[in-house]
Structures are given as C-alpha cells and as structure tokens.
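A.B. asks: what's the 3D shape of this:
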Amino acid sequence: MLALTHIPSPTLDHGQRTHVAREVVDYELALRQHADYCRMLRECGAEVETLDVNCDQPDGTFIEDTAVVLDEIAVLTSMGTAARRMEPSRIEPELRKYREIERIEPPANLEGGDVLRIGRTILIGLSERTNISGVQAFESIVRRFGYRVLPVQVRQCLHLKTACTALPDGRLLINPSWMELKSLHGFDTLAVADDEPWAANTLPINNRVLISSANPQTAEMLRRLSFDVCTLSLSEFAKVEGCVTCLSLLFRNSQ
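C.D. replies: Numbers count the residues shown, from 1 in each chain. Model (predicted):
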C-alpha cells in the first residue's frame, strides 16, 4: 500500500473555508501533526511518499482532492474552486509512475474528497465542489472497468467523505444530517453521535481505522465493534476543513 502525502504549505492559514469559521492555524503544530499522520500511516503498513510540488498553494496538503486512484487507472480531478485548479497537474508526474492517467475537465467539476469506493461501487457526492457533469465525466471513464457509480446529494458539509466513509467490513459510517440517505439503499450504515458531526470521516488502512482524536465517542463505538482504531490529533487541519482522509492518496502500488 502506497500513501502519497503533501507537506503543509506555509500559507495553510489562507486555505479555503466553506462550512467552518475562520481560525488562526498554528503552522508549526500543523507540521508536527502532519509528521505524526505520516508516521501512523507507516505504522499501519503503508509506504509513505511526501511531496512538495504545491507548497505555494494554501490547500496543497489536501492531496486527496487532486485525483482518484483506482487499481486500473488514476483520474486527475477538476477542482470545484478556482483557487485550487492548478494542483492536480502538479501531482500528475508522480501518479504517472504508478498508473495511466485520465482527466476530468471544466465545466465538469469533481474533487477526490467526494469519491468513495466500496468494492466495485463508487459513491460520488454532489456537493459545492462536485457537480453532475463531474459525476458523468467520471462514470464515462471508469465504466469500462466495471465500476458502478452512484451520485449522493451532500448538504452542510464540504465533501461526501466528510459525511460518509467505509469501514473495513464494508459498512458505512455516516452523519445522516449531511447527506441524502435514500442513495444508500442496500448499504449497512452506522451513525455517528449527534455531538460528533465530523466523526464520519475515517481512513481504513490494512484493517485498521484512523480517526481524529476529536471524536472519542465514535472511536469507542468502533472499538466496541471490534475495529482496530488509531486516533491522532488533526486540530490545525480541521481549522481549514481538513479531515483524516484529506491528507493522503492511498492506493495499491502496482509496480
């Protein structure tokens, strides 16, 4: 398993905010938290590569949004905000080492944080950053590999993965207030506590589950369900609407 990460930009404090109030980011603490995140990925068995190609971009550390990497192909995204449009092209040379590349082009918009794969099914959030044209463009690329694409309406949060992620057994951990539930027909779901609305964002890696330490009730619930849970502090990234999935592109190394 390979995890591509990106060092936080010195301008991280100027990153985009959509659903959170502006707070000052402690950049030195962000660097330490990012190092801890990379260390935890390694402890979970991933090979970690840390890039620096978007250091002049405030949101460059949120590398998940720049691409969707499947077993067969990597799809460079078309970012839903103009401030981030140049990031995917800078990630492309690294991804070309591992996958053939396809692209989504404007006016189709799709960000990686809106794309959740469960087996051969891919849920895509219709959010402020991903539109129906982006969903259709993505589906036209991946259908030849046998993937089924299902759009999911997202509300009051940035991306689908803010409201929904897949646990290692295929169940979905969700915040039901932030998404259209009828789209999840056929999936087993678990709801987060009402007072931990951000807790649905988790990162499964080699049968372990990474979750922000800001969500202790959800972490304990997952432990009671026999998941191997690892917690880490991401307070400075949360100030810029970042979550545990945002900071890496995780995929099988086919080399």
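A.B. asks: looking at this, Leu123 is in a helix?
C.D. replies: No. Counting by DSSP: H, G, I helix; E, B strand; the rest coil, Leu123 is not found in a helix; it is strand.
A.B. asks: hey, what's it bridged with?
C.D. replies: Beta-bridge partners for Leu123, by DSSP bridges, are Leu116, Leu150.
A.B. asks: begin at 667 from here
C.D. replies: I'll keep to 667 as the first residue from here, and by that count the last item is Leu789.
A.B. asks: hang on, it packs against Lys827?
C.D. replies: No. Judged on CB atoms under 8 Å, Leu789 makes no contact with Lys827 at a distance of 9.4 Å. In this view, the C-beta of every residue, glycine as well, is placed from N, C-alpha and C.
A.B. asks: give me the more crowded residue out of the two.
C.D. replies: Neighbour count, other CB atoms under 10 Å: between Leu789 and Lys827, Lys827 has more, with 28 against 23.
A.B. asks: you'd agree that one is up against Thr911?
C.D. replies: Yes. Between Lys827 and Thr911 there is a contact under CB under 8 Å: 5.1 Å.
A.B. asks: got any residues that touch both of those two?
C.D. replies: Applying CB atoms under 8 Å, 6 or more residues apart in numbering, one finds that Lys827 and Thr911 are jointly contacted by 730, 779, 867.
A.B. asks: okay, those residues in a markdown table with distance to Thr716, secondary structure and neighbour count next?
C.D. replies: A markdown table is the format used below for the shared contacts of Lys827 and Thr911 (distance: CB to CB, whole Å; DSSP: H, G, I helix; E, B strand; the rest coil; neighbours: other CB atoms under 10 Å):
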| residue | distance to Thr716 | secondary structure | neighbour count |
| --- | --- | --- | --- |
| Glu730 | 14 | helix | 29 |
| Gly779 | 19 | helix | 27 |
| Asn867 | 21 | coil | 29 |
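A.B. asks: can you tell me which of those residues lies nearest to Ala687?
C.D. replies: Asn867 (18.7 Å; CB to CB).
A.B. asks: from Ala829, how far out is the closest one?
C.D. replies: 8 Å (CB to CB, to the nearest Å).
A.B. asks: helices of the stretch 717-866 of the chain, start to end?
C.D. replies: Assigned by DSSP state H, counting those that start in this stretch, the helices in the stretch 717-866 of the chain fall at 753-761, 798-808, 826-829.
A.B. asks: looking at those helices, which is buried most?
C.D. replies: Among these, ranked by average contacts under mean count of other CB atoms under 10 Å, first place goes to helix 826-829 (a mean of 28).
A.B. asks: tell me which of the helices of the stretch 717-866 of the chain lies nearest to Ala701.
C.D. replies: When those are compared by CB to CB, helix 753-761 sits nearest Ala701, at 19.8 Å.
A.B. asks: output the contacting helices and strands for that closest one.
C.D. replies: strand 668-672, strand 713-717, strand 733-735, strand 740-742, strand 767-769 (3 or more CB pairs under 8 Å, 6 or more residues apart in numbering; DSSP states H and E).
A.B. asks: just checking: what are the partner strands of the second one?
C.D. replies: If you go by DSSP bridges, strand 713-717 pairs up with strand 668-672 (parallel).
A.B. asks: all set, thanks.
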